[in-house]
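K.L.:
give the three-dimensional model of this entry:
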Amino acid sequence: MQSEVEAKQQLMPTQSSVEVLIVSGRSGSGKTSVLNILEDLGYYVIDNMPLSLLPAAAQRLTEDSNISKLALGVDIRTLAADSANFKYIYEQLLSTYGTDKVKIIYLTAQESVLVARFAATRRVHPLMAMDKYEIKNLPSAIKRETETLGPISSNADIIVDTSTLNIHQLKERVREYVGIDNQITVNLLSFGFKFGVPIDADFVFDVRILPNPHWNPELRVKTGKDAEVIEFFAQFPEVDDMQQDIYTFLNRWLPEFLHNNRHTVTVAIGCTGGKHRSVFVTETLFARLSQSLPYELKVMVKHREKLHWGH
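P.N.:
Reported below is the predicted structural model:
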């Protein structure tokens, strides 16, 4: 029989499969935003860890926690305390994981933009808060920081100027660079209004106006997935009209979320009890949208009141 150690070794990512991204840049240029984006894309993020600890931390995470995608944030506070070691640490990571698996993303922006961002947020530049530098004004701090970050910027694999980028455009740049398709999960959710409206729904459609199979004793125990109920709805043109209207709306507008920095969209379809009408419309939409939406939109279906169907 396979031992626990052997099983763990099989699950453990090999060094050649580990990706390490070093994210750095000028203060105010968007480093934190990029780290948040990478975390959403499945990277394990470590920010502001002392440089000397990065190789050991990376090794521990990949070997003990089966993590294969790491994003390491290095800013001026980290580098200023240990700048002499960056080249050594960087070369150590390259030696461990390979030159094609360790990449540096460097964020920058025009000085006037950085000054405006600090003014808007009323933040103090990190170097101005460090007594040993005795820097009294923002332009001097920006200049000193740029010089200190030289070893990182000179080795950067990609330099992103965020001066004119909004958060959605920045996400697209990062996503394209790391080679991850933009994917959104579309959750189609049937529910019953008598049990409450889903609080996390982005769209809510009320189908209680449609004919209700509940009043037919033979159909009352069935659900919107059963053939008898489907045949019942086929008698009423308004049922097809409503689901067609909902389908047309969703098919037109859901793809727009691909450009809106979203990861999930929940579409809730409600009737009184969440057993017949909402279930039928949700299943119909699932079958149609699964075929018509772009592949980046993954359609899922869930019936919230399924536990109540037997009552």
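K.L.:
poorly predicted segments of the protein, please.
P.N.:
Residue ranges of the chain with pLDDT under 70: 1-16, 80-84, 131-133, 181, 261, 311.
K.L.:
please enumerate the strands of it.
P.N.:
Secondary structure of the chain (DSSP state E): strands at 19-25, 44-47, 69-74, 102-108, 158-161, 184-192, 203-206, 264-271, 297-303.
K.L.:
contacts for the third one?
P.N.:
Right, strand 69-74. Strand 69-74 is touched from outside by 18-24, 31-32, 35, 38-39, 42-49, 51, 54, 58, 61-62, 86, 152, with contacts defined as Cβ atoms under 8 Å, 6 or more residues apart in numbering. C-beta coordinates here come from the backbone N, C-alpha and C atoms, glycine included.
K.L.:
filter these to the buried ones?
P.N.:
Buried members of the contacts of strand 69-74, scored by 16 or more other Cβ atoms under 10 Å, are 18-24, 31-32, 35, 38, 43-47, 51, 54, 58, 61-62, 86, 152.
K.L.:
what's the closest of the strands of the chain to residue 244?
P.N.:
Between residue 244 and the strands of the chain, the shortest gap by Cβ to Cβ is with strand 203-206, which sits at 12.4 Å.
K.L.:
can I get that closest one in PDB, CA atoms only?
P.N.:
C-alpha atoms of strand 203-206 as PDB (Å, rounded to 0.1, in the frame of the first residue of the first chain):
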ATOM      1  CA  PHE A 203     -30.100  40.300 -10.700                       C
ATOM      2  CA  VAL A 204     -33.500  39.200  -9.300                       C
ATOM      3  CA  PHE A 205     -36.300  38.100 -11.700                       C
ATOM      4  CA  ASP A 206     -39.800  37.500 -10.300                       C
END
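K.L.:
for the residue lying closest to residue 305 once chain neighbours are set aside, give me its contacts.
P.N.:
Nearest residue to residue 305, sequence neighbours excluded (Cβ to Cβ, 6 or more residues apart in numbering): residue 274, at 3.3 Å. Contacts here follow Cβ under 8 Å, 6+ apart; on that basis residue 274 touches 190-193, 195, 303-305, 308.
K.L.:
go with 6 Å
P.N.:
Taking Cβ atoms under 6 Å, 6 or more residues apart in numbering as the criterion, residue 274 is in contact with 190-192, 305.
K.L.:
one step back: can you add distance to residue 114 and give the strands of the chain back as a markdown table?
P.N.:
Output for the strands of the chain, formatted as a markdown table (distance: least, Cβ to Cβ, whole Å):
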| stretch | distance to residue 114 |
| --- | --- |
| strand 19-25 | 10 |
| strand 44-47 | 20 |
| strand 69-74 | 18 |
| strand 102-108 | 9 |
| strand 158-161 | 11 |
| strand 184-192 | 32 |
| strand 203-206 | 39 |
| strand 264-271 | 33 |
| strand 297-303 | 37 |
